[in-house]
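1. Structure here, sequence nowhere to be found:
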Ligand SMILES: Cc1cc2nc3c(=O)[nH]c(=O)nc-3n(C[C@H](O)[C@H](O)[C@H](O)COP(=O)(O)OP(=O)(O)OC[C@H]3O[C@@H](n4cnc5c(N)ncnc54)[C@H](O)[C@@H]3O)c2cc1C
């Protein structure tokens with residue numbers, strides 16, 4: 001029984017010393033939450049029993065170990081990990097890219113961000129099916145760190161959640177049940193559990209993406225792809241854009257759109273003339289998946305003694321989800337350590353601050369993404385635009401480079417670039433460049 005049993009009024013106070021906290025999901029949101037909470041409690045001279053629960057084994061290759069993602073991590077995220085007193089395990093880094101290449105039909109441009117630095121690529125599990133052993137996954141690195149700092153790990157699937165007088169009861173497939181004083185949902189958007197919860201929570205709207213893992217030699221990755229992440233406009237209607245992320249001796253080919261099937265990716269490989277040269281000729285797909293990506297915000301991701309973080313709540317529009325999960329985890333850990341665990345307190349000190357972080361930024365994200373995506377999809381216009389970006393870069397002008405970085409690639413908030421993107425002088429100059437070819 002939890003220590004809050006029979007003390008319903010205490011949920012207006014911060015998490016009491018010695019409370020039990022159950023976290024469903026030990027992906028980035030769950031592990032970051034445990035790390036944040038353990039650090040804040042230690043500073044306050046308090047403790048909690050934190051149990052991370054996950055059905056996956058992040059050291060396994062293939063679907064049983066993988067949290068299905070392109071695995072690009074910017075230096076902002078690396079800095080936030082250091083802020084948790086966690087040295088980044090360099091064994092987790094598959095490749096280090098110095099930037100992105102954005103493709104039109106026949107023209108491409110390299111974009112870098114001197115202040116943001118290199119991008120690390122990581123596996124979220126033990127690598128694709130049939131990959132060599134020894135891949136250390138990013139999710140395992142975070143989970144190991146949380147365990148080392150004092151969290152407990154339960155390797156099982158949560159089948160159901162029940163409300164009790166003073167918290168929540170979780171049930172597992174072996175018939176076991178566990179009670180917690182406070183419950184955290186860090187279960188992402190690729191689970192059916194979100195539809196079986198005993199509160200008013202509704203998950204965010206999602207798109208169904210596709211990812212394929214393709215083997216590629218080091219020479220191809222270094223010489224043809226220059227070890228960078230490539231963004232390619234799609235030719236068909238199903239896919240909004242394609243990305244190639246190199247990792248060790250693999251390429252992760254991602255297709256993002258509302259309902260993308262592996263066949264859509266096959267069709268792009270056959271007819272997209274910008275894509276074909278970026279993949280080794282005749283390369284087979286080792287494994288593929290159809291992960292969902294949130295494109296909206298959850299309804300009621302909080303209730304008395306319960307809150308939902310990470311993808312299952314809110315994240316930056318179509319990029320940088322790992323860092324977003326770090327951020328919502330941090331806001332929640334701070335709210336329950338210093339403010340309280342009641343529904344009202346969680347609304348004011350967890351839900352609203354997170355919405356302020358992302359919702360309005362995501363409005364800019366959608367607008368900017370829509371504009372730049374539609375330019376890049378239009379063969380001749382995309383080439384004219386990218387030529388004008390190249391010309392600007394040669395003249396030492398970096399405005400368009402920063403905008404492209406913010407829209408497709410890096411870890412900048414969209415709002416940082418929105419004012420610049422809609423600057424009339426810049427738009428006029430761009431129009432002149434486009435008309436000039
Ligand atoms: C195609 C694609 C590409 C992406 N590329 C990037 C990228 O390059 N960089 C980036 O920063 N972000 C990227 N993202 C986003 C990123 O994957 C997510 O934002 C991030 O994984 C969210 O973390 P999370 O912990 O909230 O959820 P998840 O990573 O989904 O973790 C949820 C965890 O909960 C567990 N779980 C669920 N239900 C249960 C249950 N019933 N019982 C026990 N355990 C359960 C799961 O096993 C899982 O481990 C990408 C997403 C997609 C779809």
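-> Perfect, I can see it now. Remember, it's a predicted structure, so these values are computed and weren't measured experimentally.

2. Residue 213: neighbour count?
-> For residue 213, the neighbour count with other C-beta atoms under 10 Å is 24. Glycine gets a C-beta too; all of them are placed from N, C-alpha and C.

3. likewise residue 66?
-> Residue 66: 27 neighbours (other C-beta under 10 Å).

4. and the host helix or strand of residue 327, is it in reach of the ligand?
-> For residue 327, the host element (DSSP states H and E) is helix 321-338. Yes - residues of helix 321-338 are located near the ligand by C-beta under 6 Å from any ligand atom, namely 321, 322, 323, 325.

5. elements contacting that helix?
-> Helices and strands touching helix 321-338, by 3 or more C-beta pairs under 8 Å, 6 or more residues apart in numbering; DSSP states H and E, are helix 28-43, helix 75-83, strand 306-308, helix 343-346, helix 352-377.

6. Lowest average confidence across those, which one?
-> Here the lowest mean pLDDT among those goes to helix 352-377, at a mean of 89.

7. Give me the buried positions along that helix.
-> Neighbour counts using 16 or more other C-beta atoms under 10 Å place 354, 357-358, 361-362, 364-365, 368-369, 372-373, 375-377 of helix 352-377 among the buried residues.

8. what's the answer for stretch 396-410, then?
-> 398-410.

9. Same question for stretch 68-81.
-> 68-78, 80-81.

10. Same check on stretch 151-170?
-> In stretch 151-170, counting by 16+ other C-beta under 10 Å, buried: 151, 153, 154, 158, 161, 163, 166, 167, 168, 169, 170.

11. could I get those as a markdown table with pLDDT?
-> Below are those laid out as a markdown table (pLDDT from 0 to 100):
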| residue | pLDDT |
| --- | --- |
| 151 | 98 |
| 153 | 98 |
| 154 | 98 |
| 158 | 98 |
| 161 | 98 |
| 163 | 96 |
| 166 | 88 |
| 167 | 95 |
| 168 | 97 |
| 169 | 98 |
| 170 | 98 |
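
12. contacts with the ligand among these, please.
-> Answer for the buried residues of stretch 151-170 near the ligand (C-beta under 6 Å from any ligand atom): residue 158.

13. Check the buried residues of stretch 151-170 against the ligand and report the nearest one.
-> residue 158 (3.8 Å; C-beta to the nearest ligand atom).

14. now the angle from the helix holding residue 327 to helix 75-83?
-> 40 degrees (axes from the mean of the first three to the mean of the last three C-alpha atoms, to 10 degrees).

15. which secondary structure element contains residue 235?
-> Per DSSP H and E, there is no helix or strand for residue 235.

16. and it, how many neighbours?
-> Neighbours of residue 235 using other C-beta under 10 Å come to 18.

17. just checking, it touches residue 270?
-> No - applying C-beta atoms under 8 Å, one finds residue 235 not in contact with residue 270, separated by 9.9 Å.

18. shared neighbours of these two, anything?
-> Contact criterion C-beta atoms under 8 Å, 6 or more residues apart in numbering; residues shared by residue 235 and residue 270: none found.

19. For the spatially closest residue to residue 75 that is not a sequence neighbour, grab the count of nearby residues.
-> Nearest residue to residue 75, sequence neighbours excluded (C-beta to C-beta, 6 or more residues apart in numbering): residue 117, at 4.2 Å. Residue 117 has 17 neighbouring residues, counting by other C-beta under 10 Å.

20. Can you tell me how far residue 117 is from residue 405?
-> The spacing between residue 117 and residue 405, counted by C-beta to C-beta, to the nearest Å, is 12 Å.

21. Tell me the spacing between residue 153 and residue 229.
-> 32 Å.

22. Residue 143 too?
-> Distance from residue 143 to residue 229, by C-beta to C-beta: 25 Å.

23. do residue 64 as well
-> Noted for residue 64: a distance of 26 Å to residue 229, by C-beta to C-beta.

24. Those two: who's more crowded?
-> More crowded of residue 64 and residue 229, by other C-beta under 10 Å: residue 229, with 23 against 14.

25. Name all residues that make contact with the more buried one.
-> 70, 72, 97, 99-101, 119, 121, 243-246, 409.

26. For the ligand, tell me which of those residues show up nearby.
-> 70, 72.

27. got JSON lines for the contacts of residue 229, with distance to residue 206, pLDDT and secondary structure too?
-> Below are the contacts of residue 229 laid out as JSON lines (distance: C-beta to C-beta, whole Å; pLDDT from 0 to 100; DSSP: H, G, I helix; E, B strand; the rest coil):
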{"residue": "70", "distance to residue 206": "16", "pLDDT": "96", "secondary structure": "coil"}
{"residue": "72", "distance to residue 206": "20", "pLDDT": "96", "secondary structure": "strand"}
{"residue": "97", "distance to residue 206": "27", "pLDDT": "96", "secondary structure": "strand"}
{"residue": "99", "distance to residue 206": "29", "pLDDT": "93", "secondary structure": "coil"}
{"residue": "100", "distance to residue 206": "24", "pLDDT": "94", "secondary structure": "strand"}
{"residue": "101", "distance to residue 206": "28", "pLDDT": "95", "secondary structure": "strand"}
{"residue": "119", "distance to residue 206": "25", "pLDDT": "94", "secondary structure": "strand"}
{"residue": "121", "distance to residue 206": "23", "pLDDT": "97", "secondary structure": "strand"}
{"residue": "243", "distance to residue 206": "18", "pLDDT": "96", "secondary structure": "strand"}
{"residue": "244", "distance to residue 206": "23", "pLDDT": "98", "secondary structure": "strand"}
{"residue": "245", "distance to residue 206": "20", "pLDDT": "98", "secondary structure": "strand"}
{"residue": "246", "distance to residue 206": "26", "pLDDT": "98", "secondary structure": "strand"}
{"residue": "409", "distance to residue 206": "22", "pLDDT": "70", "secondary structure": "helix"}
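
28. Can you tell me which of the contacts of residue 229 is nearest residue 384?
-> residue 101 (17.7 Å; C-beta to C-beta).

29. measure the closest one to residue 386 for me?
-> From residue 101 over to residue 386 (counting by C-beta to C-beta), the distance is 10 Å.

30. Identify the contacts common to these two.
-> 108, 109.

31. For those two, indicate the residue with more neighbours.
-> The neighbour count for residue 101 versus residue 386, taken as other C-beta under 10 Å, is higher for residue 386 (22 against 19).

32. The more buried one is in what secondary structure piece?
-> Using DSSP H and E, residue 386 falls in helix 379-394.

33. name the helices or strands packed onto that helix?
-> Taking 3+ C-beta pairs under 8 Å, 6+ apart as the contact cut, helix 379-394 packs with strand 108-111, helix 352-377, helix 399-404, helix 424-435.

34. Return the set of buried residues in that helix.
-> 382, 383, 384, 385, 386, 387, 388, 389, 390, 392, 393.
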